[in-house]
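> sequence-free structure coming up:
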């Protein structure tokens with residue numbers, strides 16, 4: 001998924017280019033005044049100003065005139081962000097809807113939610129002062145310079161040197177901002193993330209540029225990387241020193257949690273309604289799993305049934321080769337069953353994830369809309385060779401589990417979704433793809449493909465789909481429970497194991513993630529909203545025969561809050577999302 005779900009703007013004639021200047025454009029550049037009479041000018045200025053504030057997001061989307069940039073996280077820099085969003089929201093709302101076209105009014109509402117969501121994390125949730133994960137998402141990861149060959153290696157290496165030189169100041173800003181005591185899960189995350197970057201800068205990042213034959217550039221890199229690495233390790237050590245006073249005080253609280261779903265995703269429903277929708281979906285999937293297991297593994301317990309499914313490994317324990325075979329099968333199924341339009345012949349590559357980025361078992365890196373000729377790469381992580389053989393074997397997914405990961409990441413999930421987003425007629429649709437829209441569509445795709453007849457009712461296939469659905473069900477309920485005070489992290493861990501049938505290690509990781517990523521309910525929340533919208537829209541347009549038309553129309557919006565799409569497709573206020 002696009003980092004931070006952000007992108008650049010195609011309408012400003014500011015084309016992607018290689019990093020040539022010694023110092024990138026960015027955080028110190030003055031912001032342009034937001035126009036108040038012409039919507040297009042306002043919209044374009046908003047996005048360009050945002051890139052000046054957050055150049056790392058611009059870089060990730062292919063605006064390489066910002067290469068090497070990093071945000072300003074001083075008190076003044078954070079205040080500038082907040083002031084910018086407040087002004088943008090006020091001025092956007094002041095546009096007279098009667099003088100806007102239908103599409104412009106939609107973009108205005110879209111922009112308001114984007115800005116409101118960013119402002120929520122910045123000030124209401126106060127994540128810059130509380131949550132180390134905010135900084136990782138705000139630009140600390142320089143993977144774009146390594147993984148995307150958007151220009152030659154020496155140019156990308158120079159950009160990364162510029163980036164690395166900013167890290168010592170950035171780590172000082174992070175240390176000054178983070179309030180203590182911190183929740184224990186935040187301490188654990190911060191220690192792993194900051195020390196991981198420290199190792200990466202002088203280790204795998206250095207190896208990635210080994211082909212560059214300039215001794216002078218290699219020396220520059222080594223000096224900058226050493227200073228950045230030390231700064232990161234010092235920050236990691238400081239976070240580690242907070243372990244003794246760590247708390248369990250991570251909850252947003254029910255009022256703030258409700259504001260989170262409303263301000264970041266436009267979902268305006270009572271908490272009781274939100275929770276009831278998740279519980280109903282959990283029970284639905286548990287019932288379906290029991291029925292599938294009765295066919296696939298008669299008499300076995302649910303955990304034993306899941307273990308049987310996962311024991312059917314890819315040939316030679318090679319999930320990369322298996323996924324390469326799965327993609328053409330899925331593409332053919334999508335075409336034959338009139339699922340959704342495949343807009344072009346672009347193919348996603350499948351590769352083993354590089355050593356510096358194996359914290360996720362699988363993920364896709366789609367290019368930003370400014371990139372030219374850069375492929376999407378579906379990465380699958382191998383097991384750690386230091387693990388025991390049993391642990392390595394357990395890490396490799398079963399074929400049917402992997403099949404629905406490939407559905408989610410590639411076809412018709414994220415890869416196809418971003419092909420549509422990049423062709424959206426709305427600039428905002430191409431550029432700002434929301435969490436619930438992106439992960440909701442990818443997760444929705446898993447069950448939708450099963451419903452459409454993938455593998456013709458095979459029980460093992462269904463169990464693979466349901467194992468993924470249950471994982472997201474427990475994320476949804478953990479997010480609500482832990483952040484509204486009805487569930488502890490230990491309760492969440494137990495639920496992942498007992499209700500969603502996750503192994504102990506994955507349950508620990510998932511319950512911890514919910515403390516610092518409260519919005520990870522968006523996988524299931526997005527799926528449920530899309531399913532409800534599909535049911536209501538297709539009821540008026542021919543039922544199952546109109547799925548393809550529904551999917552094409554839904555995806556052409558790019559990535560807005562789903563209630564806005566519901567309002568646009570069905571009329572009304574868009575609030576009947578469940």
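Happy to help now that I have it. Quick caveat, the model's predicted, so the values are computed rather than measured.
> contacts and neighbour counts: CA atoms only from here.
Noted.
> and the pLDDT for residue 395?
Listed pLDDT for residue 395 reads 87.
> can you tell me the closest non-neighbouring residue to it?
residue 383 (6.1 Å; CA to CA, 6 or more residues apart in numbering).
> quick one, what contacts the one you found?
Shown in contact with residue 383 (CA atoms under 8 Å, 6 or more residues apart in numbering): 392, 393, 395, 396.
> what about the protein, any weak spots by pLDDT?
For the chain, the stretches with pLDDT under 70 are 1-28, 355-357, 359.
> next, work out how far apart the residue of it most remote from its centre and residue 293 are.
Each residue of the chain has a distance to the centre, and by CA atoms, centre = their mean the biggest one is for residue 299: 38.9 Å. Note on residue 299: its distance to residue 293, by CA to CA, to the nearest Å, is 9 Å.
> any buried residues in stretch 67-82, and which?
Of the residues in stretch 67-82, 67, 68, 69, 70, 71, 72, 73, 74, 78, 80, 81, 82 count as buried by neighbour count, 16 or more other CA atoms under 10 Å.
> how far does that stretch sit from the chain's center?
Centroid separation for stretch 67-82 versus its chain: 22 Å, with CA atoms, centre = their mean, to the nearest Å.
> out of the buried residues of stretch 67-82, which is nearest to residue 109?
residue 82 (18.8 Å; CA to CA).
> can you list the domains in the protein?
16-125, 129-246, 259-312+399-570 (automatic domain parsing).
> closest one to residue 378 among those?
Comparing the domains of the chain by CA to CA, domain 259-312+399-570 comes nearest, at 7.1 Å.
> quick one: the helices in the stretch 151-300 of the chain?
153-177, 184-202, 204-208, 215-240, 254-265, 271-296 (DSSP state H, counting those that start in this stretch).
> run the chain-centre distance for the second one.
Relative to its parent chain, helix 184-202 has a centroid offset of 19 Å by CA atoms, centre = their mean.
> angle of that helix against helix 215-240?
Here helix 184-202 runs at 170 degrees with respect to helix 215-240, directions being taken by axes from the mean of the first three to the mean of the last three CA atoms, to 10 degrees.
> spatially nearest residue to residue 49, not counting backbone neighbours?
Per CA to CA, 6+ apart, closest to residue 49 is residue 31, 5.5 Å.
> whoops, I mixed them up, residue 412
residue 445 (6.4 Å).
> tell me the SS of the one you found?
helix (DSSP: H, G, I helix; E, B strand; the rest coil).
> that one and residue 409 touch, don't they?
No: between residue 445 and residue 409 there is no contact under CA atoms under 8 Å: 9.7 Å.
> what about those two, which has more around it?
Legend: neighbour count by other CA atoms under 10 Å for residue 445 and residue 409, higher for residue 409 (27 against 23).
> is that one in contact with residue 403, as I believe?
No: the pair residue 409 / residue 403 is not scored as a contact, 10.0 Å apart, by CA under 8 Å.
> just the element for residue 303, please.
helix 302-311 (DSSP states H and E).
> elements contacting that helix?
If you count contacts as 3 or more CA pairs under 8 Å, 6 or more residues apart in numbering; DSSP states H and E, helix 302-311 packs onto helix 271-296, helix 399-409, helix 459-484.
> let me have these in JSON lines, adding distance to residue 504 as columns.
Converted to JSON lines, the helices and strands packed on helix 302-311 look like this (distance: least, CA to CA, whole Å):
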{"stretch": "helix 271-296", "distance to residue 504": "19"}
{"stretch": "helix 399-409", "distance to residue 504": "18"}
{"stretch": "helix 459-484", "distance to residue 504": "13"}
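> who touches residue 391 in this structure?
For residue 391, counting by CA under 8 Å, 6+ apart, there are no contacting residues.
> any buried residues in the helix or strand where it lies, and which?
Secondary structure from DSSP H and E places residue 391 in helix 389-395. Along helix 389-395, these residues count as buried under the neighbour rule (16+ other CA under 10 Å): 393, 395.
> so what touches stretch 175-192?
Counting by CA under 8 Å, 6+ apart, residues outside stretch 175-192 touching it are 74, 128-133, 235-240, 242-243, 245-250, 512, 515-516.
> stretch 97-105 now?
39, 426.
> just the terminal-to-terminal distance for it.
6 Å.
> name the nearest residue to residue 474, sequence neighbours excluded.
residue 496 (5.9 Å).
> so what does the host helix or strand of the one you found touch, helix or strand wise?
Taking DSSP H and E as the definition, one finds residue 496 inside helix 489-498. Applying 3+ CA pairs under 8 Å, 6+ apart, we find helix 489-498 packed against helix 459-484, helix 504-516.
> centre of the chain versus the first one, how much separation?
Chain-centre distance of helix 459-484: 17 Å, with CA atoms, centre = their mean.
> what angle sits between that helix and helix 271-296?
Using the same axes, to 10 degrees, helix 459-484 lies at 160 degrees relative to helix 271-296.
> packing partners for helix 459-484?
By 3+ CA pairs under 8 Å, 6+ apart, helix 459-484 packs against helix 254-265, helix 271-296, helix 302-311, helix 399-409, helix 435-451, helix 489-498, helix 504-516, helix 522-538.
> contacts only, for residue 562.
265, 266, 436, 437, 526, 529, 530 are the contacts of residue 562 under CA under 8 Å, 6+ apart.
> mind doing that once more with 10 Å?
265-267, 434, 436-437, 440, 525-526, 529-530, 533, 554, 568, 574-575, 577 (CA atoms under 10 Å, 6 or more residues apart in numbering).
> mind listing the shared neighbours of residue 445 and residue 409?
Joint contacts of residue 445 and residue 409 (CA under 10 Å, 6+ apart) are residue 439.
> residue 375 contacts residue 369, doesn't it?
No: at 11.6 Å, residue 375 and residue 369 do not qualify as touching, with contact defined as CA atoms under 10 Å.
> show me which of those two is the more surrounded one.
Using other CA under 10 Å, the more surrounded residue of residue 375 and residue 369 is residue 369, with 22 against 17.
> so residue 378, which of the three states?
Put simply, residue 378 is strand when judged by three-state DSSP.
> from residue 350, how far off is it?
Following CA to CA, the distance that separates residue 378 from residue 350 is 5 Å.
> please apply the same query to residue 146.
17 Å.
> on that earlier part again, quick one: the residue nearest to residue 474 and residue 467 touch, right?
No: counting by CA under 10 Å, residue 496 does not reach residue 467; the two are 11.4 Å apart.
> before we move on, the earlier item: out of the helices and strands packed on helix 459-484, flag the one nearest residue 211.
Closest among these, using CA to CA: helix 399-409, at 30.8 Å.
> elements contacting that closest one?
Here helix 399-409 touches helix 302-311, helix 319-336, strand 362-365, strand 377-380, helix 414-421, helix 435-451, helix 459-484, going by 3 or more CA pairs under 10 Å, 6 or more residues apart in numbering; DSSP states H and E.
> cool, thanks, signing off.
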